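Asks: Predicted structure and sequence below. I'll ask about it afterward.
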Amino acid sequence: MSTVALTFAIALATVLTTAALHKLRAGERFAAQLAAYQLLPEAWPLSTLRRVGLGLAAVELLLAAALLVPPAWPLAATGTAALLALYLAAMAVNLLRGRHQIDCGCGDQPQPLSAALLARNLVLIFAALLIALAEPTAGLRDCLVALPASVVLVLIYTAAEQLLANASVLVPREAPDE
């Protein structure tokens, strides 16, 4: 179980780091994405939302680093699951409001909210909970298997994210009138 947990921990740490870097690189854009969710007070200026984004990025980086330390797995993985559940709830609330068109804020490419994003977050939460329940040990054999396996998981995740982003820009074309 520790090999699987280590694999998921490395993959989740990579996902969290990538998400944090997005927030740090595109701070103004992420602040606008936060505002679009309409879950924070409307009176908050963009500069305050930017600080919220920086705080989220800091939490993501802290969790990513902690996921790489097996003794910290129970706390780090639980925190990761909670953060992902918060993101899932924000997306779900807006989907229930019928606000599919807003950008999820998940990365560099715009992606409108969708059930697929909710499913993605559920899978990530499940992986985090598996880590939280695992025996927090990792030996050399675990590392030798987990490193390449986590690379494969991250590549699959990246491909799925790209497919979701591409699906949002593909528009069905109508057949020409004959």
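Replies: Everything's here; your move. Numbers count the residues shown, from 1 in each chain.

Asks: now Gly79, nearest residue through space, not along the chain?
Replies: Excluding its sequence neighbours, the residue lying closest to Gly79 (Cβ to Cβ, 6 or more residues apart in numbering) is Leu63, at 5.3 Å. Using the backbone N, CA and C atoms, a C-beta is placed for each residue, glycine as well.

Asks: In three-state terms, how would that neighbour be classified?
Replies: Following DSSP: H, G, I helix; E, B strand; the rest coil, Leu63 is assigned to helix.

Asks: Going C-terminal from the host helix or strand of Ala81, what's the next secondary structure element?
Replies: Using DSSP states H and E, Ala81 sits within helix 73-96. Counting by DSSP H and E, the next helix or strand C-terminal to helix 73-96 is helix 115-133.

Asks: What residues of that following helix count as buried?
Replies: Buried residues in helix 115-133, defined by neighbour count with 16 or more other Cβ atoms under 10 Å: Leu117, Leu118, Arg120, Asn121, Leu124, Ile125, Ala127, Ala128, Leu129, Leu130, Ile131, Ala132.

Asks: Let's have those in TSV, adding pLDDT and distance to Ala90.
Replies: Converted to TSV, those look like this (pLDDT from 0 to 100; distance: Cβ to Cβ, whole Å):
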residue	pLDDT	distance to Ala90
Leu117	92	11
Leu118	95	11
Arg120	92	14
Asn121	95	10
Leu124	96	14
Ile125	97	14
Ala127	95	20
Ala128	96	17
Leu129	96	19
Leu130	94	23
Ile131	94	23
Ala132	94	22
